[in-house]
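Q: my questions concern the predicted model and sequence given below.
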Amino acid sequence: MAKIDFGGVVEEVITAEEFTIERARRVLDGETVAVLGYGVQGPGQALNMRDNGVRVIIGQREGSKSWQKALDDGFEPGKTLFPVEEAARQATIVMNLLSDAGQVATWPVIKKQLAPGDALYFSHGFGVVYKDQTGIVPPADVDVILVAPKGSGTTVRRNFLDGSGINASYAVFQDATGKASERALALGIAIGSGYLFPTTFEKEVYSDLTGERGVLMGALAGLMEAQYNLLRSKGHSPSEAFNETVEELTQSLIRLVAENGMDWMFANCSTTAQRGALDWAPRFRDAVAPLFEELYESVVSGKETERVLSANSAPDYRARLDAELSALGNSEMWRAGAAVRKLRPENRSPK
Ligand SMILES: NC(=O)c1ccc[n+]([C@@H]2O[C@H](COP(=O)([O-])OP(=O)(O)OC[C@H]3O[C@@H](n4cnc5c(N)ncnc54)[C@H](OP(=O)(O)O)[C@@H]3O)[C@@H](O)[C@H]2O)c1
């Protein structure tokens, strides 16, 4: 483990220097790793492990787009591609990467396939932590571990191919074999993590649900909409409102934040902008702090997961989500966005 100072707090993290891919291969030697679900995380993690020489099989229900995707990626029915239950039966490590609602629906059949000494792996603490809602209570004789990449499955794959990685947290919920931690770290390295930081199942799910409802997705979308609507209501054109709200952020400023932090981004803007942003940042922070408290409470109390499970277990859940996403995409702001993107030099057709 490497001790790293994160702004005055020292944490222990693991990189491929401390836990090499050769060591991961040795730990996973002789294991059959079944990736259940070939949605978004499934392909990223499965393909990276396969490229790293791990014996990977896929468990996926037949007849859907995900089954076809697994075929397209070279998994062979009856050899490396099976129905979910059969893959779980063959595996010594079951990586449950079905959707969170799908994990609940399939748990009774998966549970029956777990043998003593197997490992049950998740990329989210959801199912295990909210057991009263999900019914997911693993048997005592299996390891229960987690590696949660902090990014989309698409990026897990993309970054692996370009030689970088996605940071991930890891945790052990239950160590039945005495090798749970080794197994978790080996899998974390084999799926191509940048660095791995320790967490617990609870902390992972609380932070993840807060983050996606907050800054990463929900708050970001809400904040942008509020500013865009304000500018439009004050007579600014869609092009002006969109550029001042989204385009400048995504095309310029957030890249500077990624490169070198917020102070670096501020330092690369005018002193007029710096003065104003420094004055207004604490006001925004304080205005939304109570909302963040409410959000965290809603996560911890199980209200958020209850809503996810009831909404996403409905037979028509995908159509309903698609309808809401389409309404968002068709709002004036995001139609303006589409027009702005088309005008980017790289998207303009040559005359
Ligand atoms: N999305 C991410 O980038 C991300 C990041 C970090 C962690 N995670 C975690 O990784 C896990 C997988 O997430 P994901 O986003 O990859 O999920 P997803 O794309 O929603 O996964 C869908 C998969 O679950 C299957 N499925 C859904 N309902 C099912 C059911 N009732 N019976 C059988 N199969 C069912 C789907 O099969 P069909 O296609 O046949 O419906 C598909 O293979 C989750 O625990 C998630 O929280 C995800």
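A: Yep, it's here.

Q: which residue ranges of the stretch 101-250 of the chain form strands?
A: With DSSP state E, counting those that start in this stretch as the criterion, the stretch 101-250 of the chain has strands at 119-122, 143-149, 166-174, 193-198.

Q: can you pull the contacts of Ala16?
A: Listed by CB atoms under 8 Å, 6 or more residues apart in numbering, the contact set of Ala16 reads 165, 189. The way it works is simple: take the backbone N, C-alpha and C, and place the C-beta from them, glycine included.

Q: make it 6 Å
A: Contacts of Ala16 were listed using CB atoms under 6 Å, 6 or more residues apart in numbering, and they are Ile189.

Q: just name the most buried of the strands of the stretch 101-250 of the chain.
A: Highest mean neighbour count of the strands of the stretch 101-250 of the chain: strand 119-122, a mean of 26 (counted as mean count of other CB atoms under 10 Å).

Q: in its sheet, what does that one sit against?
A: strand 93-96 (parallel), strand 143-149 (parallel) (DSSP bridges).

Q: quick revisit: which one of the strands of the stretch 101-250 of the chain lies closest to the ligand?
A: strand 143-149 (5.2 Å; CB to the nearest ligand atom).

Q: and for the residue in the chain that the ligand sits nearest to, the neighbour number?
A: Taking CB to the nearest ligand atom, the ligand has its nearest neighbour within the chain at Gly39, 2.2 Å off. Gly39: 17 surrounding residues under other CB atoms under 10 Å.

Q: next, work out how far apart the nearest residue to it once chain neighbours are set aside and Phe75 are.
A: Once flanking residues are discounted, Gly39 sits nearest to Ser66: 5.8 Å by CB to CB, 6 or more residues apart in numbering. Distance, Ser66 to Phe75, by CB to CB, to the nearest Å: 11 Å.

Q: neighbour count winner among the two?
A: More neighbours surround Phe75 than the other of Ser66 and Phe75, with 23 against 19 (other CB under 10 Å).

Q: pretty sure the more buried one sits in a helix.
A: No: assessed with DSSP: H, G, I helix; E, B strand; the rest coil, Phe75 is coil; it does not lie in a helix.

Q: which ones are touching the closest residue to it other than its chain neighbours?
A: Distances taken as CB to CB, 6+ apart put Leu81 closest to Phe75, at 4.0 Å, once the chain neighbours are dropped. Residues in contact with Leu81 (CB under 6 Å, 6+ apart) are 58, 70, 75.

Q: how does it look with 7 Å?
A: The neighbours of Leu81, taking CB atoms under 7 Å, 6 or more residues apart in numbering as the test, are 58, 60, 70, 75.

Q: bridged to it, which residues?
A: Ile58, Pro77.

Q: show me the domain layout of the protein.
A: The chain breaks down by automatic domain parsing into domains covering 2-199, 214-347.

Q: how much space separates the residue of the chain closest to the ligand from Thr155?
A: In terms of CB to CB, Gly39 sits 14 Å off from Thr155.

Q: thinking again about what came up before, make a markdown table from the strands paired with strand 119-122 and add distance to Glu297 to it.
A: A markdown table is the format used below for the strands paired with strand 119-122 (distance: least, CB to CB, whole Å):
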| stretch | distance to Glu297 |
| --- | --- |
| strand 93-96 | 28 |
| strand 143-149 | 22 |
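
Q: would you reformat those as TSV and include mean pLDDT and distance to the ligand?
A: Shown next, in TSV, are the strands paired with strand 119-122 (pLDDT from 0 to 100; distance: least, CB to the nearest ligand atom, whole Å):
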stretch	mean pLDDT	distance to the ligand
strand 93-96	98	7
strand 143-149	98	5
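
Q: how close does Gly44 sit to Leu278?
A: 39 Å.

Q: which of these two has more neighbours?
A: Gly44 (27 against 10).

Q: show me the contacts for the more buried one.
A: 153-154, 156-157.

Q: mind giving me the PyMOL select for the residues you listed, buried ones only?
A: Applying 16 or more other CB atoms under 10 Å to the contacts of Gly44 leaves a buried subset, and the PyMOL line that selects it is:
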select buried, resi 153+156+157
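
Q: closest one of the contacts of Gly44 to Ile254?
A: Ranked by distance to Ile254 (CB to CB), the contacts of Gly44 are led by Thr154 at 18.4 Å.

Q: mind listing what the closest one touches?
A: Thr154 touches 40, 44, counting by CB under 7 Å, 6+ apart.

Q: and Asn167, by the same measure?
A: 150, 193-195.

Q: what do you get for Glu306?
A: By CB under 7 Å, 6+ apart, the contact list for Glu306 reads Gln133.

Q: about what we covered before: quickly note the distance from the residue nearest to Phe75 to Arg283.
A: Relative to Arg283, and taking CB to CB, Leu81 is found at 54 Å.

Q: so which residues on this structure come close to the ligand?
A: Contacts of the chain with the ligand, taken as CB under 6 Å from any ligand atom, map to 37-42, 60-61, 64-66, 84, 97-102, 105-106, 123-124, 126, 148-149, 152-153.

Q: what subset of those residues is buried?
A: 37-42, 60-61, 66, 84, 97-102, 106, 123-124, 126, 148-149, 153.

Q: rewinding a little: among the contacts of Asn167, show me the least confident.
A: Lowest pLDDT among these: Gly194, with 86.
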